[in-house]
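> I'll drop the sequence and a predicted model, then ask my questions.
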Amino acid sequence: MMRTAALVVGGLLFTGTASTAFAAGSAPASGPASAGASASATAAAPVNGAPSGHIVQFLPSDPGTVQVLFSASGLTQGQSIDLSSISVSADSTQLSAAAQAIGTKPPPQIVRTAMLVVDISGSMKGAGIAGVKQAAAAFLTAVPPDVRVGLVTVSTTAHLVATPTTDRKALQADVVALQVQGNTALYDGTLLALQAVGTQGSRTIVLLTDGHDEGSKAPLAQVLTALQDSKGVTLDAVSFGTASAQVEPLRQLTTVSGGRILATDQAGDFAPAFLQAAQDIATEVLVTAKVPAALTGSSVTIRVSARAGSSTIGDSAFVPLAALPAPSPSQHQTGPLPVAIHPAQLGSSHAMRIGLIAVFVGLAGVLGVLAWNASIVDARDTRVRRRLSFYTLTGRSARAEPQSTALGDSSVARSAVQLAGRLVISRDFDAKVGRRLDGAGVPLKPAEWVVIQAGSAVGIGLLFLLLSGGSPVAAILGLIVGFGGPIGYLIIKESRRSAAFLEQLPDTLQLISGSLSVGHSLPQAMDAVVREELQPVSVEFNRALVETRLGMPAEDALQGIATRMDSQDFAWVVMAIRIQREVGGNLAEVLTTVAATIRERERLRRQVRGLSAEGRLSAWILGALPPVFATYLVIARPGYIAPLFTDPLGIVMLVVMVILMTVGVVWLSRIVKVEV
């Protein structure tokens with residue numbers, strides 16, 4: 001691979017990190033002679049203080065190895081990186097590494113390119129253009145022979161004077177021929193240098209300008225975006241002038257590219273800065289490290305350190321070893337760390353086949369058990385009818401009445417309902433589940449509801465198992481969701497039906513009171529409510545009316561409504577009716593008073609619900625978001641959330657989270673719940 005360097009000349013030079021500026025000379029420069037004197041006086045000293053290391057980029061390599069292009073900044077001429085001191089680590093694992101200087105025999109195949117971007121506008125007349133020529137000549141002399149160097153001039157328009165080449169004589173002639181003219185199309189020149197520097201290898205742009213852009217077609221934002229997308233181009237800048245308006249655009253350019261900046265009023269400072277940029281390129285080495293098999297395919301922090309002169313330098317970057325991209329210089333400074341994502345096992349055809357076979361075997365087993373139970377039940381009923389046929393007038397067995405269920409009329413459905421019926425009766429679930437179904441208005445038997453709940457748990461559990469690629473945790477979570485889903489539906493349905501009943505109760509009591517006032521009996525008043533056909537009041541009163549016609553006292557039938565609807569207000573109404581039946585009195589007047597009281601309570605209850613709506617919504621969101629998102633992770637990325645269940649620290653965090661979430665949800669529910 002070859003390296004490309006770009007030099008921008010116009011007054012500001014950045015090298016190294018954007019937060020560090022070169023030291024500017026103090027001697028005045030009045031022309032080429034003084035510029036050369038300044039260069040020779042400061043060339044031997046680093047212009048950026050203490051040396052520092054820099055990972056230029058990661059090169060594509062075979063699995064099991066990692067190749068890093070590493071350089072040093074701030075070294076004096078003659079100093080270099082000690083190849084024997086190179087050390088490479090991946091996280092806390094030390095890697096076996098070897099280093100090779102660029103340009104050795106045999107040379108590493110690395111493209112190295114440098115672009116000089118020179119401001120030749122009218123503001124550079126005199127000492128400025130002389131310092132530019134002196135600095136460019138010093139750069140061409142000091143840069144390694146294998147580095148291709150190109151030249152871009154910036155005046156009224158940007159012009160590519162020389163494409164990247166190793167012909168130093170031709171470049172020297174182009175530099176000598178530079179003439180001051182026009183304005184400063186700084187941003188257009190930077191974009192032109194980015195295009196010329198290429199997309200591979202080590203790439204450096206050295207920019208010298210007075211910082212004022214005049215007439216560029218491209219805005220600064222476009223240049224910043226192009227630098228970010230360049231993936232590895234380092235831009236160093238020299239500002240001929242220290243005013244903030246001149247320095248600020250160049251500071252942004254160097255910050256994005258990880259370069260350094262020099263702001264100076266002395267043209268004699270150009271040459272030391274350019275020499276330092278050439279020295280940084282000359283220190284680049286190719287580091288090759290072997291990666292253990294345990295780290296291959298994961299994302300780790302690679303750190304390279306070495307001795308350079310009397311200093312220890314180093315740099316680190318976070319990269320995925322499976323595909324080693326060329327990170328931008330700012331990529332390893334701040335920001336979130338990438339995470340290696342491993343696809344779920346669902347993508348494996350082997351796992352898919354095993355999962356499908358397990359599903360079909362399970363379903364076949366369940367259907368087989370139900371069919372076997374249905375055959376036993378049918379055979380038993382047939383024997384019973386045959387024995388009873390001797391006691392009939394015809395001597396023939398009676399025809400079996402078809403038994404239908406909410407799940408269908410098939411023998412399998414009847415068998416499932418019968419098995420569930422035995423379960424709910426033996427466990428005393430029948431009365432409890434039946435009461436909840438009646439309150440919710442669900443027209444199912446307890447046994448039918450149990451079958452639906454079991455089917456939901458098994459079905460969603462199998463679905464989660466397949467979606468997660470065979471994760472048992474996801475299967476258990478699916479069973480819990482499938483079992484709790486119907487319960488949640490029943491609770492919501494019951495609460496909504498109870499709320500609707502409570503909302504209609506004042507008008508219903510007013511209707512009963514009016515019927516009693518005109519001389520109707522209580523059952524006749526209840527029949528008037530039924531004829532209104534207002535759900536769910538009419539359904540409940542119709543059931544109570546039927547019970548009274550079968551011999552149940554009206555008070556007990558109405559008490560059943562209060563129990564099913566879980567309504568304390570209606571329980572008070574029933575109590576008033578009982579008292580009136582025992583001691584006498586005007587029941588119509590009592591019901592009118594109770595209706596007015598309940599209506600006011602309902603108005604106040606609505607007002608409270610409106611005022612607490614925001615708090616209740618916050619409680620729902622804060623309470624539901626963690627379990628919902630955890631369920632998604634268990635299904636989509638089980639490996640990401642697995643440490644919470646396998647690592648001791650994760651288990652502790654999980655327990656603490658559950659405790660805090662429980663306390664928070666209970667606290668919020670108590671805050672927003674106001675009893676009326």
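Received the coordinates, thanks. Numbers count the residues shown, from 1 in each chain.
> listing request: residues of the stretch 401-550 of the chain with sub-threshold pLDDT.
Across the stretch 401-550 of the chain, the ranges flagged by pLDDT under 70 are 401-430, 470.
> cutoff 80 now
Of all residues in the stretch 401-550 of the chain, those with pLDDT under 80 make up the ranges 401-436, 438-439, 441, 443-450, 465-474, 533.
> how about the helices in it?
Ranges of helices within the stretch 401-550 of the chain are 411-426, 430-440, 446-467, 472-517, 522-532, 537-549, based on DSSP state H, counting those that start in this stretch.
> can I get those in JSON lines with mean neighbour count and distance to M657?
C-beta: built from backbone N, CA, C; applies to glycine. Formatted as JSON lines, the entries for the helices of the stretch 401-550 of the chain read as follows, by neighbours: other CB atoms under 10 Å; distance: least, CB to CB, whole Å:
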{"stretch": "helix 411-426", "mean neighbour count": "18", "distance to M657": "35"}
{"stretch": "helix 430-440", "mean neighbour count": "17", "distance to M657": "31"}
{"stretch": "helix 446-467", "mean neighbour count": "20", "distance to M657": "21"}
{"stretch": "helix 472-517", "mean neighbour count": "18", "distance to M657": "16"}
{"stretch": "helix 522-532", "mean neighbour count": "17", "distance to M657": "51"}
{"stretch": "helix 537-549", "mean neighbour count": "18", "distance to M657": "43"}
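> show me where the stretch 1-150 of the chain has its helices.
32-42, 127-142.
> and the strands in this protein?
With DSSP state E applied, the chain shows strands at 2-7, 52-59, 65-73, 87-90, 93-101, 111-119, 148-154, 158-165, 202-209, 233-240, 261-264, 285-290, 299-308, 311-320, listed in chain order.
> where among these is average confidence lowest?
The stretch with the lowest mean pLDDT among the strands of the chain is strand 2-7, which comes in at a mean of 43.
> residues in contact with Q535?
A500 (CB atoms under 8 Å, 6 or more residues apart in numbering).
> kindly report the same for V56.
Applying CB under 8 Å, 6+ apart to V56 gives the contacts 69-71, 202, 232, 234, 284, 329.
> so which of those residues is the most crowded?
Each of the contacts of V56 was scored for neighbours by other CB atoms under 10 Å, and T234 scores highest at 32 neighbours.
> ok, now how distant is that one from T113?
Here the criterion is CB to CB, to the nearest Å. By it, T234 lies 11 Å from T113.
> any shared contact partners between those two?
Shared contacts of T234 and T113 (CB under 8 Å, 6+ apart): 203-204.
> before we move on, the earlier item: lowest-confidence stretch among the helices of the stretch 1-150 of the chain?
Considering those one by one, the lowest average pLDDT is found for helix 32-42, at a mean of 30.
> and Q222, how many neighbours does it have?
Applying other CB under 10 Å, we find 15 residues neighbouring Q222.
> you'd agree it is up against L191?
Yes. With contact defined as CB atoms under 8 Å, Q222 counts as touching L191 (7.3 Å).
> just grab the bridge partners of V300 for me.
Here V300 shows beta-bridge partners V319, assigned using DSSP bridges.
> that one touches A90, doesn't it?
Yes. Counting by CB under 8 Å, A90 is a contact partner of V300 at 4.3 Å.
> need the residues touching each of these two.
By CB under 8 Å, 6+ apart, the residues touching both V300 and A90 are L321.
> redo the helices of the stretch 401-550 of the chain as TSV? Include distance to G610.
Rendered in TSV, the data for the helices of the stretch 401-550 of the chain read as follows (distance: least, CB to CB, whole Å):
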stretch	distance to G610
helix 411-426	41
helix 430-440	26
helix 446-467	35
helix 472-517	14
helix 522-532	28
helix 537-549	24
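> how about those, which one is nearest G309?
Distance to G309, taken as CB to CB, is lowest for helix 472-517 among the helices of the stretch 401-550 of the chain, at 55.6 Å.
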